[in-house]
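> I'd like to go over a predicted model; first the sequence, then the structure.
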Amino acid sequence: MFTISSERAPDYLRFVVVGPGDVDETCAGAMFCAELLRRTSARRVLIDMMAFRPEFAQTDGLDVLSALYGTMPVLERLAVLIPAGKSHGLVLDVARHRNVPAREFEDLNEAEAWLRGVGPS
């Protein structure tokens with residue numbers, strides 16, 4: 001089962017993505033996250049993808065990129081929590097093109113410290 005949950009921390013909004021996600025679910029998830037960011041006016045976000053299992057072909061990555069480009073709001077910082085060796089780099093690519101400081105992390109505490117501005121940018 002594919003799920004996305006959200007949690008408001010004092011300094012950022014955290015999304016937790018869990019389960020297998022095909023290209024349609026991944027694109028819809030990006031839209032959900034973007035809409036909640038807009039409604040809350042959050043400018044710092046943590047996307048926890050430690051338990052996410054993308055199940056789409058590399059060629060479908062273009063659809064995901066398009067969805068991310070079309071939905072990502074203006075952000076101050078974006079942290080992605082992801083297991084080592086599992087990055088597809090899609091979120092970071094979009095952030096880079098939008099001039100949003102973004103980093104991937106394997107450790108939640110490091111990601112949170114960076115989002116709060118306590119660590120290298």
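Sure thing, it's come through.
> for the most centrally placed residue in the chain, phi and psi?
With distances taken as Cα atoms, centre = their mean, the chain has Ile47 as the residue nearest its mean C-alpha position (3.8 Å). When read as degrees, to the nearest 10, the backbone of Ile47 gives phi -110, psi 110.
> which residues touch it?
For Ile47, the contacting residues are Arg14, Phe15, Val17, Cys33, Leu78, Ala79, Val80, Leu81, Val91, by Cβ atoms under 8 Å, 6 or more residues apart in numbering. All C-beta spots, glycine's among them, are computed from the backbone N, C-alpha and C.
> helix/strand/coil for the first one?
So the one you mean is Arg14. strand (DSSP: H, G, I helix; E, B strand; the rest coil).
> That one against Ser6, yeah?
Yes. With contacts counted by Cβ atoms under 8 Å, Arg14 reaches Ser6, the gap being 6.8 Å.
> Counting neighbours around each, name which of those two comes out higher.
Legend: neighbour count by other Cβ atoms under 10 Å for Arg14 and Ser6, higher for Arg14 (21 against 15).
> tell me the contacts of the more buried one?
For Arg14, the contacting residues are Ser6, Glu7, Arg8, Val45, Leu46, Ile47, Asp48, by Cβ under 8 Å, 6+ apart.
> And the first one, what's its pLDDT?
pLDDT recorded at Ser6 is 97.
> which ones are touching it?
Leu13, Arg14, Phe15, Val16, Cys33, Leu36.
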